[in-house]
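> coords below, sequence missing:
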């Protein structure tokens, strides 16, 4: 049985705690700078609350630092424990963690929400550790919740993180802009949902480049000019439309 401890009570640790609920992993406790949040976390997942960071047990196998990237180095420096201290950042190197402890990385490639827990069974989890023994501990832990544990270097993880931002955050922002534009014209974003769902279905079985359609992909200049005219009073959206269309046109002209 592996024993884990959560430092931080935000959406990352909440999703991890939910994923480990039905496994043989023992969730020993939680600490958070915001005691009220930690109390809610403690009650929700049935584990003790530790108000003082210096009082947390030192004999857990893994300590999850579910804190902001800016706080990881500082918080890890305050810990003096026997287990592996891991951060869950897609961007930061393993050496931001204080070297006096065993160090690791446990990064799920997934967008996480505190109100809608992720199903980790198909989520790739990128793991890295300061030595082979700790790597095997993290692999064993990841195997409890996913079929897709990955041994990934810092450079590879950073590349995946940047790609994830483009694929997920950028595409979702386009959904936000599309919904706002439709709302301004008293139209319903839900009418686009079948189109969006079909696009995402296709890219799970096809190369995304082969799924691309639209006026830019076929170099339909007249349609693009009409669209640009429709957006003449929305310079932000017009700029994005032109940039994306040009990128698509170049990609599909090669």
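That came through fine. Treat the numbers as computed from the prediction; the structure is a model and nothing was measured.
> Could you list the buried residues of the longest helix along the chain?
Across the chain, the longest stretch assigned as helix under DSSP state H is helix 235-251. By neighbour count with 16 or more other Cβ atoms under 10 Å, helix 235-251 contains the buried residues 237, 238, 241, 245, 248, 249. All C-beta spots, glycine's among them, are computed from the backbone N, C-alpha and C.
> got those as JSON lines, with distance to residue 18 and pLDDT columns?
JSON lines is the format used below for the buried residues of helix 235-251 (distance: Cβ to Cβ, whole Å; pLDDT from 0 to 100):
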{"residue": "237", "distance to residue 18": "37", "pLDDT": "97"}
{"residue": "238", "distance to residue 18": "42", "pLDDT": "98"}
{"residue": "241", "distance to residue 18": "39", "pLDDT": "98"}
{"residue": "245", "distance to residue 18": "41", "pLDDT": "97"}
{"residue": "248", "distance to residue 18": "38", "pLDDT": "97"}
{"residue": "249", "distance to residue 18": "44", "pLDDT": "95"}
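> So which residues make contact with the longest helix of the chain?
The set of residues external to helix 235-251 that reach it, using Cβ atoms under 8 Å, 6 or more residues apart in numbering, is 174, 177, 181, 209, 212, 214-217, 219, 224, 227-228, 231-232.
> Greatest separation within those: which pair is it?
In those, the most distant members under the criterion Cβ to Cβ are 209 and 232, with 30.7 Å between them.
> Farthest pair within the buried residues of helix 235-251?
Checked with Cβ to Cβ, the buried residues of helix 235-251 reach their widest spread between 237 and 249, with 18.1 Å between them.
> just the buried residues of helix 235-251 now: which is nearest residue 92?
The shortest gap between residue 92 and any of the buried residues of helix 235-251 belongs to residue 248, at 32.7 Å (Cβ to Cβ).
> what separates that closest one from residue 64, distance-wise?
Relative to residue 64, residue 248 is positioned 40 Å away (Cβ to Cβ, to the nearest Å).
> As a check, name the ranges of all helices in the stretch 151-254 of the chain.
Counting by DSSP state H, counting those that start in this stretch, one finds helices in the stretch 151-254 of the chain at the ranges 154-164, 171-184, 193-203, 208-211, 221-230, 235-251.
> can you confirm residue 80 is in a helix?
No. Using DSSP: H, G, I helix; E, B strand; the rest coil, the assignment for residue 80 is coil, not a helix.
> Make sure it is actually in contact with residue 98.
No. At 9.0 Å, residue 80 and residue 98 do not qualify as touching, with contact defined as Cβ atoms under 8 Å.
> Compare these two (neighbour count), which wins?
The residue with the greater number of neighbours, taking residue 80 and residue 98 and applying other Cβ atoms under 10 Å, is residue 98; the counts read 17 against 11.
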